[in-house]
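>>> whatever this is, show me its structure:
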Amino acid sequence: MPAPLGKTPTKKMPKIEVFGLPDSRQTRAAVRFFRERRIVVTFVDLGKRPIDAAELRAFLDRLGADGLLVDPPADGGIDRGALLARVRADASLLRLPLVRHGDEVTAGQDETTWKAWLARRSGGPR
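Numbering: from 1, shown residues only. Okay, the predicted model is just below:
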């Protein structure tokens with residue numbers, strides 16, 4: 001187990017943001033994944049504060065409804081405005097956790113991608 005890490009990110013440390021619910025097992029696993037690697041994460045509790053509409057649009061643009069939602073609409077013809085309003089009101093519709101590193105995003109537990117982000121940062125496999 002690595003030594004405890006303070007809450008102060010360094011310049012070399014990647015900026016990782018985790019959006020989720022504290023009672024979600026996958027969200028806790030994502031936060032633990034980065035902390036075990038001594039990365040300070042910014043955790044956004046979607047139970048206390050809904051995700052910003054612009055932030056949610058960015059995730060939707062990059063991942064699409066199929067990658068972002070637990071149960072995407074079957075017909076595929078969704079009204080973006082209504083979808084964004086529903087998701088902001090009920091975070092349980094999202095595949096949690098939502099993780100952002102710069103312009104790159106993931107939804108759900110995606111340790112392979114997270115490891116790739118950290119490997120690029122360090123210049124080698126991790």
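>>> per-residue confidence at residue 55?
The score at residue 55 is 89. That number is its pLDDT.
>>> check residue 51 too.
Value for residue 51, per-residue pLDDT: 88.
>>> what sits against it?
Residues in contact with residue 51, defined by Cβ atoms under 8 Å, 6 or more residues apart in numbering, are 19, 44, 87, 88, 91, 98. (C-beta placed from N, C-alpha, C; glycine too.)
>>> which secondary structure element contains it?
Secondary structure assignment for residue 51, by DSSP states H and E: no helix or strand.
>>> ok, it to residue 117 distance?
Distance, residue 51 to residue 117, using Cβ to Cβ, to the nearest Å: 21 Å.
>>> state the mean pLDDT of stretch 36-45.
For stretch 36-45, the mean pLDDT works out to 90.
>>> distance between that stretch and the chain's centre?
Relative to its parent chain, stretch 36-45 has a centroid offset of 11 Å by Cα atoms, centre = their mean, to the nearest Å.
>>> buried residues in it?
For stretch 36-45, burial by neighbour count (16 or more other Cβ atoms under 10 Å) applies to 39, 40, 41, 43, 44.
>>> just the closest of those to residue 72, please.
Taking Cβ to Cβ as the measure, residue 72 sits nearest to residue 44 out of these, at 22.5 Å.
>>> is the closest one in a helix, a strand, or coil?
Look at residue 44: counting by DSSP: H, G, I helix; E, B strand; the rest coil, its state is strand.
>>> report the beta-bridge partners for it.
Note on residue 44: beta-bridge partners by DSSP bridges are residue 19.
>>> picking that back up, specify which member of the buried residues of stretch 36-45 is nearest to residue 66.
Distance ranking of the buried residues of stretch 36-45 against residue 66, using Cβ to Cβ, places residue 44 first at 22.8 Å.
>>> who are the contact partners of the closest one?
Taking Cβ under 8 Å, 6+ apart, we find residue 44 in contact with 17, 18, 19, 20, 51.
>>> nearest to residue 35, of the residues you listed?
residue 18 (10.2 Å).
>>> separation between the closest one and residue 114?
Distance, residue 18 to residue 114, by Cβ to Cβ: 10 Å.
>>> counting contacts, what elements does the top helix by length along the chain pack onto?
In the chain, assigned by DSSP state H, the helix with the most residues is helix 53-68. Other helices and strands packing on helix 53-68, by 3 or more Cβ pairs under 8 Å, 6 or more residues apart in numbering; DSSP states H and E, are helix 80-89, strand 98-101, strand 104-107.
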